[in-house]
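Novice: model the structure of this input:
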Amino acid sequence: MLLRIFLALTWLVCAAAVIFLITLPISLQSHLIAGTFVVAIMIVLKAVGAGGVWRIISLCLGTAIVLRYAYWRTTSTLPPINELEDFIPGLLLYLAEMYSVFMLFLSLFVVARPLKEGQVAPPTKTFPMVDVFVPTYNEEASLLTSTLAAAQAMDYPKDRFNVWLLDDGGSDQKCNSNNAEESEAARERRAELQALCENMGARYLTRARNVHAKAGNLNNGLENSTGELVAVFDADHAPARDFLKATVGYFEHDPKLFLVQTPHFFINPDPVERNLRTFQVMPSENEMFYGIIQRGLDKWNAAFFCGSAAVLSRECLKVTNGFSGVSITEDCETALELHSRGYNSIYVDRPLIAGLQPATFASFIGQRTRWAQGMMQINMFRFPPLKRGLTIAQRLCYMSSTMFWLFPIARMIFLVAPFFYLFFGLEIFTASGPEFMAYTWTYILVNLMMQNYLYGYFRWPWISELYEFIQSVYLFPALISVMLNPRRPTFKVTSKNEDLQTAHISELGRPFYIIFALLLVGVGVTIWRVIAHPYEADVTLVVGAWNILNLIMAGCALGVVSERTDPRHSHRVNVQRRAEFLFGDQVVPATIEDVSYGGAKIRFGSAKRLQGLASGAIATIRFQPHGQEEMKELPLRVRTMTHEDGVFLGTQFMPGTAEHHRLIADLIFANSDQWTQFQRSRRRNPGILRGTFWFLGTAFWQTGRGLVYLVRAMRPRHAEAGATASSGH
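Specialist: Numbering: from 1, shown residues only. All right, here's what the predicted structure looks like:
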């Protein structure tokens, strides 16, 4: 008791000292010196790799600068309330900045000292019965085949788990639809998937009506199964062989454990990575969440269900009558309800599934719209800060997770704020150029330093800002819509495995070109204002620099919405598997070097024993599946042969049985270590300076590429217009 009192008094004294220092009136020069000193200390501590207490000290120093900036903005920069034309936009900008500061502090609480990586799962002794659910709505049978094959190949006693395909696209409601075309398609789908499940040894299940979307589909699975545990995989999430053994053991040690969540790893780039060509060299956007944030949430028993790649306790789910379906993000909502009832969760920081991301920008925005609207529904229907049963730490964690999705509102304010001054001459903050530079730029630099300290190996400088910018244009109206009508949003399945046969500007790309043009006009207005009003040049140059920063971001966004071609129907994964290539009477040693669900690239030492092999030839590859001693054979067709540091065959698989599909799944998905190795190969921290120069170079290049795509898109129209004019003559 005395220790608690002592700690409380210590915190009060420290808080009082911090408040005193933050509010201490000092000159502009003194503040600039103090800010520079803090930045220098943070750089030194980061350079020497200081961790532990020194990491916390560095973050505390940065926090002091951020708080001093917030105090300055609050007390010295707001326009007079009696000048509404200045005060209203000024207040909106201030609120957007305070939201960013608040979210920074929530992030610090969550991830300042996350749990360590690479925890080892306890061994599974009793092998509880597991029902593996694969919910589907409109995914193709070929995609479902790979997921079912990988799920059935998991290293777990075969009589202790069942794989269920939960089909919402072939429900009675759809099969009996008044729309004849829809009804026929649903019946054909049901028959096709029933045959697929029978062939693969899985269980097919549909339901009468499509109510409560994915949550209702999963609950129907619960009603028709009896396993102690439930594993959930999205239709495009294929598990590694060791998924169950790496997760199930945790439930034996905690009767109140309702969830073991694992990361979502993706074998294909999202549209930003694909169009900017960063997939092989830079950590993916989701790695910041799964690599740092979920570990931070796990420390406070607040890691939540992410809809897939997880195992849940049936007994715990009974408490909430299954998966919650009030919002369209049933995963986070279900976890919130169970955490509030005193149940626990665990996050296993190891990729154990491989999935697909949306390939096109339009699908990407559709997915993020659902996430944003669902999180807002949770805020409005459940409101985590006042949710009874949660600990204070859990309340803060759920606030961080749900309120993050308000970022489009703040981002749009940051985008248009310079226009108020440049175009209309409104004073949205009352400060001189030197004051703005001294306070704002030290704040921005410290903010960048803190982000780099927290997420450096998982998120490069300015990438978060780019992702938020490209989403905000469409998520802003989506958020306003759900705030006006919380029950309006409906669950929409994200399109996956899309083909990109031609290069083109995304159908959602037009607003970004308009924004870019307006920002470019803003640059011209900045120059004009400096010449016409030289006595305001200091403020004009500061606001103009802000506008240019927005212009750089918008230019990079032009590259994001300029869709590159990607004709491949399936994505290749690098592997190294010894094999034997059977062709005629020949048995040739070979190495399988990369593989997709459609085929593989096979390397040979020489071409001597491949004489007579031609394109179109039928052959067989023989290899040893994981966990088996017997070699298995997989038929294939030769597509291409190249000679480059060896002999390479491009081949196409020709699966004819369920066993063949399992062998393909073994080649692609069985080894979870390959996902970890790939992630680690991209995790390097370029630092703020190099990262900023890299981003500027990327933005410059992508701006040019986006404008080239625009010119190409306009050419056919001009040509068509010219042809029409000629024919008119």
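Novice: for residue 137, give me its contacts.
Specialist: 167-169, 214, 217, 235, 493 (Cβ atoms under 8 Å, 6 or more residues apart in numbering). In this view, the C-beta of every residue, glycine as well, is placed from N, C-alpha and C.
Novice: pLDDT value on it, please?
Specialist: Model confidence at residue 137, given as pLDDT, is 93.
Novice: same question, residue 716
Specialist: 64.
Novice: can the contacts of residue 137 go into TSV with extra columns for pLDDT and distance to residue 394?
Specialist: Formatted as TSV, these follow (pLDDT from 0 to 100; distance: Cβ to Cβ, whole Å):
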residue	pLDDT	distance to residue 394
167	96	35
168	94	32
169	93	36
214	93	24
217	95	28
235	94	31
493	65	30
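Novice: centroid-nearest residue for the chain?
Specialist: When Cα atoms, centre = their mean is applied to the chain, the residue found nearest the centroid is residue 286 (3.3 Å).
Novice: so the closest residue in space to that one that isn't next to it in sequence, which of the three states?
Specialist: Once flanking residues are discounted, residue 286 sits nearest to residue 264: 6.2 Å by Cβ to Cβ, 6 or more residues apart in numbering. Following DSSP: H, G, I helix; E, B strand; the rest coil, we place residue 264 in the coil state.
Novice: what's the neighbour count on residue 264?
Specialist: Around residue 264 there are 22 other residues, counting by other Cβ atoms under 10 Å.
Novice: what do you get for residue 432?
Specialist: 12.
Novice: that one and residue 543, how far apart?
Specialist: 12 Å (Cβ to Cβ, to the nearest Å).
Novice: could you do residue 593 as well?
Specialist: 54 Å.
Novice: which of the two has more neighbours?
Specialist: Per other Cβ under 10 Å, whichever of residue 593 and residue 543 has more neighbours is residue 543, with 25 against 16.
Novice: so where does residue 588 fall, helix or strand?
Specialist: Assigned by DSSP states H and E, residue 588 belongs to strand 586-595.
Novice: strand partners (parallel or antiparallel) of that strand?
Specialist: Sheet pairing for strand 586-595, assigned by DSSP bridges, gives strand 573-583 (antiparallel), strand 599-604 (antiparallel).
Novice: rebuild the ones you listed as CSV, extending it with distance to residue 558, mean neighbour count and mean pLDDT.
Specialist: Shown next, in CSV, are those (distance: least, Cβ to Cβ, whole Å; neighbours: other Cβ atoms under 10 Å; pLDDT from 0 to 100):
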stretch, distance to residue 558, mean neighbour count, mean pLDDT
strand 573-583, 31, 17, 90
strand 599-604, 34, 21, 92
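Novice: next, format the ones you listed as a markdown table and append distance to residue 135.
Specialist: Output for the strands paired with strand 586-595, formatted as a markdown table (distance: least, Cβ to Cβ, whole Å):
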| stretch | distance to residue 135 |
| --- | --- |
| strand 573-583 | 24 |
| strand 599-604 | 28 |
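Novice: residue 84: which of those is closest?
Specialist: strand 573-583 (59.0 Å; Cβ to Cβ).
Novice: return the distance of that closest one from the chain's centre.
Specialist: From the chain centre to the centre of strand 573-583 is a distance of 32 Å (Cα atoms, centre = their mean, to the nearest Å).
Novice: go on, stretch 111-124?
Specialist: 21 Å.
Novice: can you check stretch 387-404 too?
Specialist: Mean-position distance between stretch 387-404 and its chain equals 21 Å (Cα atoms, centre = their mean).
Novice: helices and strands of this structure: which one bottoms out on pLDDT?
Specialist: The least trusted helix or strand in the chain, going by mean pLDDT, DSSP states H and E, turns out to be helix 2-23, with a mean of 67.
Novice: tell me which helix or strand comes right after that one.
Specialist: On the C-terminal side of helix 2-23, the nearest following helix or strand under DSSP H and E is helix 28-47.
Novice: using PDB, write out every CA atom in that following helix.
Specialist: The C-alpha trace of helix 28-47 is given here as PDB (Å, rounded to 0.1, in the frame of the first residue of the first chain):
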ATOM      1  CA  LEU A  28      11.400  32.100 -29.300                       C
ATOM      2  CA  GLN A  29      15.100  31.700 -29.500                       C
ATOM      3  CA  SER A  30      15.200  29.600 -26.200                       C
ATOM      4  CA  HIS A  31      12.400  27.400 -27.500                       C
ATOM      5  CA  LEU A  32      14.300  26.800 -30.700                       C
ATOM      6  CA  ILE A  33      17.500  25.900 -28.900                       C
ATOM      7  CA  ALA A  34      15.600  23.600 -26.500                       C
ATOM      8  CA  GLY A  35      13.900  21.900 -29.400                       C
ATOM      9  CA  THR A  36      17.100  21.500 -31.300                       C
ATOM     10  CA  PHE A  37      18.800  20.000 -28.200                       C
ATOM     11  CA  VAL A  38      16.000  17.500 -27.700                       C
ATOM     12  CA  VAL A  39      16.200  16.400 -31.400                       C
ATOM     13  CA  ALA A  40      19.900  16.000 -31.100                       C
ATOM     14  CA  ILE A  41      19.600  13.800 -28.000                       C
ATOM     15  CA  MET A  42      16.900  11.700 -29.700                       C
ATOM     16  CA  ILE A  43      19.200  11.300 -32.800                       C
ATOM     17  CA  VAL A  44      22.100  10.200 -30.600                       C
ATOM     18  CA  LEU A  45      20.100   7.700 -28.600                       C
ATOM     19  CA  LYS A  46      18.600   6.300 -31.800                       C
ATOM     20  CA  ALA A  47      22.100   6.100 -33.500                       C
END
